[in-house]
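Peer 1: I would like the atomic coordinates for the input below:
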Amino acid sequence: MRKIKLVKCRLRQNGSSDVDNVRYVALEEFQLWRYYMEKAHGFAVEDPVVSYWVDAEALMEWAEQIAPERLEPVIEVYFYAHSVEGGTTVPIRRYLSGDNYSGLRELLLQHYPTLHAPHKELSPEVREDRGYFLVSDAGTA
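Peer 2: Predicted structure coming up:
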C-alpha cells in the first residue's frame, strides 16, 4: 500500500472571492510551494490540512472501514521533464483533484513543454495513479 502525506489547501488570487481552487501538495514540498505561490504568483494559500493520499488499489483492502464522505478522489501524476538549461532529466510528481482532473492535467503539462529527455528510454510517458485523499481532522500544515 502506498500512503503519501499530503496537504490539502485552497489557492486564491489575492482580492478574489473564489475559494474553490483546491490543491494537494506533498507535505515535504508544501512550505516551499506555499512561499512560491504567495511571493512569486500573488496567491493566498488558505485552510491547509494534512492527511494521507492512498492509492485506489490498496484502499480496496480496507475500504469498508472508511465512510465514503471521507474519500476525495485525487490522481497522482508522475513523469520526467527535461531541463534544457541543466541538461538533466528530473522526476515530477503532482497530485490533482479527480473532480476537475482533465483541466488541471492540461494546466500542469503546459508548465513542462519538454516532457521528454533526448533519449526516449530515459523518459517514460506520463503515469497516472488513481487514489484518494483521506479527509480527517488532522492538524494544519
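Peer 1: dump the residue contacts of residue 58.
Peer 2: 1-3 (C-beta atoms under 8 Å, 6 or more residues apart in numbering). All C-beta atoms are positioned from the backbone trio N, CA, C, and that covers glycine.
Peer 1: at 6 Å instead, please
Peer 2: residue 1 (C-beta atoms under 6 Å, 6 or more residues apart in numbering).
Peer 1: a strand runs through it, doesn't it?
Peer 2: No. Counting by DSSP: H, G, I helix; E, B strand; the rest coil, residue 58 is not found in a strand; it is helix.
Peer 1: helices or strands up against the longest helix along the chain?
Peer 2: Ranked by number of residues, the top helix in the chain under DSSP state H is helix 27-39. Helix 27-39 sits against strand 3-13, strand 43-55, with contacts defined as 3 or more C-beta pairs under 6 Å, 6 or more residues apart in numbering; DSSP states H and E.
Peer 1: buried residues in that helix?
Peer 2: 30, 33-34, 37 (16 or more other C-beta atoms under 10 Å).
Peer 1: likewise for stretch 59-69?
Peer 2: Within stretch 59-69, the residues scored as buried using 16+ other C-beta under 10 Å are residue 59.
Peer 1: burial measure for residue 101, as a count.
Peer 2: 16 (other C-beta atoms under 10 Å).
Peer 1: tell me the pLDDT at it?
Peer 2: Residue 101 carries a pLDDT value of 92.
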